[in-house]
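# A structural model of the following input is requested.
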Amino acid sequence: MAPLPTNAYSLAVVVRSSKTENLNQSEHQKKQQQYVLVHERFPRGWWLPGGGIEHKDSTPVDAAVRETIEEAALPQCGNLPVMTHLLALEQTPGRIRFIFRGEWCDDDVHSILKCPPGDNESIEAKWITFSEIKNFNRRRKHIPREQWLDDGNSHPLSSSTSVTHPWLRGHEPSTFFGMLEKSLKQSNIVPGLKVQKGDTEVGGAFFSGPKESFNNDALSKRLTIRGRAAFLIHLKCRLIVYASESQQFCTMSRFVDDQNGKTLRQLSDEMLSQFSSLSTKTGLQRVDYTAHENGREATLTVFPYAIISSNHEFYNDFKWVSKEELPDTLDQRLAAEIGQGNVVDLNILR
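Reported below is the predicted structural model:
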């Protein structure tokens with residue numbers, strides 16, 4: 001079955017960093033981490049920087065950086081945020097959302113963030129701590145439209161109404177700020193796949209796009225859904241299973257054949273369930289997003305793994321080989337690091 005036309009989105013959970021700061025782990029745990037929060041245009045409230053992936057974006061990472069700059073930065077801001085980890089990959093029929101952790105250096109006394117009254121993208125952006133989220137309402141209070149207008153023009157008041165009645169557009173700031181705060185206190189390890197920029201690493205989140213800009217013919221065939229950019233995204237799961245007793249591996253690949261009825265997480269669980277009786281450990285080693293040259297399609301592949309004690313029960317059902325006998329070089333490299341390095345829980349897939 002052909003891929004379902006899909007709207008894709010990127011959100012950024014951006015942490016404030018500093019060129020001069022050099023703290024050890026205990027100092028990090030004492031210091032309150034700051035995050036970017038964006039005050040969107042009326043009638044929306046405060047939220048994470050983010051939005052739809054557009055046809056001009058080569059990858060979801062590029063979209064996250066672009067949206068952060070557009071919604072949160074001052075026009076003269078010279079430095080760009082860097083997306084460091086993929087925290088979550090959420091999927092429903094016709095919709096995929098990538099949620100990244102990012103870092104943005106802001107050492108100046110005068111912040112790089114947007115000030116009110118803002119522009120068409122947003123009203124303002126602020127650095128806030130997780131504890132300050134408690135000062136925001138969970139839903140919008142009813143405010144008459146006229147109270148948002150400054151002398152009848154189209155710019156919402158940014159100092160009185162928006163500060164007096166701040167609300168969060170959704171749960172995402174609380175959820176993901178809380179996730180990062182918990183990891184900071186417990187292990188100082190980010191609970192996500194590290195965004196990798198080259199082929200030297202094996203595990204992590206990899207994003208690649210066309211090497212050249214799209215030609216006019218490709219641009220004319222772009223997909224849209226309700227005015228938003230859309231893509232045909234092939235969804236694939238590549239599972240590797242390691243039997244520790246025999247030190248052998250088997251691999252299998254499947255595409256999501258019905259994107260209206262199944263997600264990547266459901267396909268991964270379905271494939272892993274074959275080994276659930278003997279599985280001692282499961283996880284996710286890699287996510288790979290590749291945009292196609294035609295500008296309309298992409299392939300999104302997830303690489304879960306399972307470690308089982310013995311393969312005797314499944315020996316005749318699958319082809320078991322040594323690491324060196326795996327036919328694909330990437331499979332060999334993943335096998336060498338299975339259960340180690342940059343791996344995360346499968347709950348990153350939602």
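
# which ones are touching the nearest residue to K323 once chain neighbours are set aside?
Of all residues beyond its chain neighbours, the one nearest K323 is A335 (4.6 Å), with distances taken as CB to CB, 6 or more residues apart in numbering. Using the backbone N, CA and C atoms, a C-beta is placed for each residue, glycine as well. Residues counted as contacts of A335 (CB atoms under 8 Å, 6 or more residues apart in numbering) are I240, Y242, F249, K323, L326.

# would you turn these into JSON lines with neighbour count and pLDDT?
Listed next are the contacts of A335 as JSON lines, based on neighbours: other CB atoms under 10 Å; pLDDT from 0 to 100:
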{"residue": "I240", "neighbour count": "22", "pLDDT": "96"}
{"residue": "Y242", "neighbour count": "22", "pLDDT": "94"}
{"residue": "F249", "neighbour count": "24", "pLDDT": "95"}
{"residue": "K323", "neighbour count": "16", "pLDDT": "95"}
{"residue": "L326", "neighbour count": "19", "pLDDT": "95"}
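
# kindly indicate which of these lies nearest F303.
I240 (7.1 Å; CB to CB).

# neighbours of the nearest residue to L223 once chain neighbours are set aside, just the number please.
In this structure, L223 finds its nearest non-sequential neighbour in A230, 4.1 Å apart by CB to CB, 6+ apart. Residues lying near A230 (other CB atoms under 10 Å) number 22.

# ok, A230 - contacts?
Counting by CB under 8 Å, 6+ apart, A230 has contacts P5, T6, N7, A8, L223, T224.

# how about a cut-off of 6 Å?
Listed by CB atoms under 6 Å, 6 or more residues apart in numbering, the contact partners of A230 are P5, N7, L223, T224.

# ok so, going back, reformat the contacts of A335 as a markdown table; add distance to R286 and secondary structure.
Output for these, formatted as a markdown table (distance: CB to CB, whole Å; DSSP: H, G, I helix; E, B strand; the rest coil):
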| residue | distance to R286 | secondary structure |
| --- | --- | --- |
| I240 | 10 | strand |
| Y242 | 15 | strand |
| F249 | 15 | strand |
| K323 | 17 | helix |
| L326 | 15 | coil |
